[in-house]
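Below are the sequence and a predicted model for it; my questions follow.
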Amino acid sequence: MQDNTERHYSLDELCTLTDTPKRTVRFYMGQGLMDRSEGQKKGAYYLEKHLMQLLEIKKWQKAGLSLDRIKSLMHQGIDELVPPISPHQLGMIEIWSHLSIADGVQLQIEANRAELTPEQVRALSSVIMKEYERLIKIKEK
């Protein structure tokens, strides 16, 4: 026989599992980043959803997002494999693709910032190359 009851966590357990101070967990709840605990006072406990919310917040913070942006994402229910890129900041490292179309003509793409998959980047590059060739043929006529 299998027990279908959901695991309960104390605040200490939740904090240990996520390496987060108690004060921070309380702050996140106060800011609406996390759901409030179940129960009250000494009977308060946390569920798997609280653990997942806290891990999600930590993931987005590591990606450089502000708490306001994280709150917005969490309320939209967005859970992407690649966190959205925050606005350009000094010292930020980005990886750009460069497509040489012709001498003096180059396409530069930062796929994450442009929110393009590798397949979309290849398709865009192909379309641009074909259009450039078409323009050159028109110019030569």
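Ah, there it is.

hmm, which helix or strand of the protein has the shakiest average pLDDT?
In the chain, the helix or strand scored least confidently by mean pLDDT, DSSP states H and E is helix 111-114, which has a mean of 72.

What are the buried residues along that one?
For helix 111-114, burial by neighbour count (16 or more other Cβ atoms under 10 Å) applies to residue 111. Where you see a C-beta, it was placed from the backbone N, CA and C, and this is true even at glycine.

Could you do stretch 16-29 as well?
Those would be 18, 20, 25, 28, 29, for stretch 16-29 by 16+ other Cβ under 10 Å.

Adding distance to residue 54, write those residues out as a markdown table.
Output for those, formatted as a markdown table (distance: Cβ to Cβ, whole Å):
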| residue | distance to residue 54 |
| --- | --- |
| 18 | 5 |
| 20 | 6 |
| 25 | 7 |
| 28 | 7 |
| 29 | 10 |
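
can you list the residues you listed in a markdown table and add pLDDT?
Converted to a markdown table, those look like this (pLDDT from 0 to 100):
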| residue | pLDDT |
| --- | --- |
| 18 | 90 |
| 20 | 92 |
| 25 | 93 |
| 28 | 93 |
| 29 | 92 |
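
In CSV, list the C-alpha atoms belonging to the longest helix along the chain.
When the chain is parsed with DSSP state H, its longest helix is helix 118-140. Output in CSV follows, covering the C-alpha atoms of helix 118-140 (Å, rounded to 0.1, in the frame of the first residue of the first chain):
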residue,chain,number,x,y,z
PRO,A,118,19.5,27.4,-33.3
GLU,A,119,17.1,26.3,-36.0
GLN,A,120,15.5,29.8,-36.2
VAL,A,121,19.0,31.3,-36.5
ARG,A,122,19.9,29.0,-39.3
ALA,A,123,16.6,29.8,-41.1
LEU,A,124,17.1,33.5,-40.6
SER,A,125,20.6,33.3,-42.0
SER,A,126,19.5,31.4,-45.0
VAL,A,127,16.7,33.9,-45.8
ILE,A,128,19.1,36.8,-45.4
MET,A,129,21.8,35.2,-47.6
LYS,A,130,19.2,34.5,-50.4
GLU,A,131,17.8,38.0,-50.2
TYR,A,132,21.3,39.5,-50.4
GLU,A,133,22.0,37.4,-53.5
ARG,A,134,18.7,38.6,-55.0
LEU,A,135,19.6,42.2,-54.4
ILE,A,136,23.1,41.8,-56.0
LYS,A,137,21.5,40.2,-59.1
ILE,A,138,19.1,43.2,-59.4
LYS,A,139,22.0,45.6,-59.0
GLU,A,140,24.0,43.9,-61.7
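
Cool, thanks, talk later.
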